[in-house]
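> I need the structure of the sequence given here:
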Amino acid sequence: MPVAGTPDEALGMTRAGTATHPSPVVEAQVMLTRASGAYDVLSLSVPPAPMWERTRPGQFLVLPGDPARGRTLPSLLWVAGVSVDRIHGTTVDVVVPAGHPLGAAQEQRLLGPLGRGFGLPAEPVPALVAGHEAAVTPLRWLVSQLRDRGSRVDAVLSADDPDRHLEVGALRRQAASVVLTTGAHLERAVTDRLDAEPELAVVFAAGSRPQVRAVAAAARRAGRAVRVAALDLAEPVLCGTGICGQCDVPVDGGARMLRACLEGPVVPGEWLVDAAG
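Here you go, the predicted model:
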């Protein structure tokens, strides 16, 4: 059954999520490229630093624009996973569209990790993750962390083209159930799953702004705690560092604007529920 009391208090989840910390420019080397449907999964070797051990799902990297390589604007990349090995070094995984220029680069400067990631419940609780296409990237890593803490995890994944589902097979091996749907039906699928599994206590979501807002609304109607990634990395960006304001999202019923790259990207879902735009 849903946890008694306010969802956040019952789960020991803070509203702030993961605290930000200064992040330098990182010199990364592309060590491995693995094809996965419409995407490439890249493993980047980066200099060891304490910040990587603190990195959480929901944080991101900025790939600066480079006109010489055909990139006039920066790209934002979800951190898909971090491996810190005292012997073999530190590796950071990212997911990019197949054929992305980063995959052909041997060395690349990146900025990050940036932003606030997904916080974990204080105790193991059944959780639902919901994401659309490449936005599943941080959720895939989050599922592993939740499972490591003893939480059962269910998943609802949407894509408008079956080839744009991200590594469903791997998630099926970790999640108690995986529901596949389309972007237009993501909210309905989440609602159905919450109705069918009343013990699911918290929802984590990533996708387009309308999608995460809809999932947050479904979770609130069901009385569940909810955390969403308010930054849509599928949208073109100008900076990713809080200067341009392009990622601003109306929150609290439109009463204020959230600069998602700085205050988020992970925020309490109820902030977005009644926002317009």
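
> If you drop the residues flanking it in sequence, what lies closest to Ala229?
Spatial nearest neighbour of Ala229, excluding adjacent residues (C-beta to C-beta, 6 or more residues apart in numbering): Ala206 at 4.0 Å. Just so you know, the C-beta spots here come from the backbone N, C-alpha and C atoms, and that holds for glycine as well.

> Next up, the contacts around the one you found.
Ala206 makes contact with 58, 130-132, 135-139, 212, 228-229 under the criterion C-beta atoms under 8 Å, 6 or more residues apart in numbering.

> Of those residues - the most surrounded one?
Ala130 (34 neighbours; other C-beta atoms under 10 Å).

> Where does that one sit, in terms of helix or strand?
strand 127-132 (DSSP states H and E).

> And for that strand, what's in contact with it?
121, 139, 142-143, 146, 151-159, 175, 183, 186, 189-190, 193-194, 197, 200-208, 211, 215, 224.

> Select only the buried ones of the residues you listed in PyMOL?
Buried members of the contacts of strand 127-132, defined by 16 or more other C-beta atoms under 10 Å, are picked up in PyMOL with:
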select buried, resi 121+139+142+143+146+151+152+153+154+155+156+157+158+159+175+183+186+189+190+193+194+200+201+202+203+204+205+206+207+208+211+215+224
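
> May I see the buried residues of stretch 217-231?
Going by 16+ other C-beta under 10 Å, stretch 217-231 has these buried residues: 217-220, 222, 224-231.

> Same question for stretch 79-96.
Per 16+ other C-beta under 10 Å, stretch 79-96 contains these buried residues: 79-82, 90-96.

> Could you do stretch 168-184 as well?
Quick answer for stretch 168-184 (16+ other C-beta under 10 Å): 168, 171, 175-176, 178-179, 181, 183.

> Show me where the chain has its helices.
7-11, 50-54, 136-148, 168-174, 186-196, 209-221, 260-263, 270-273 (DSSP state H).

> Just the mean pLDDT for the last one, thanks.
Mean per-residue pLDDT for helix 270-273: 90.

> before we move on, what about stretch 27-47?
94.

> Cool, thanks, signing off.
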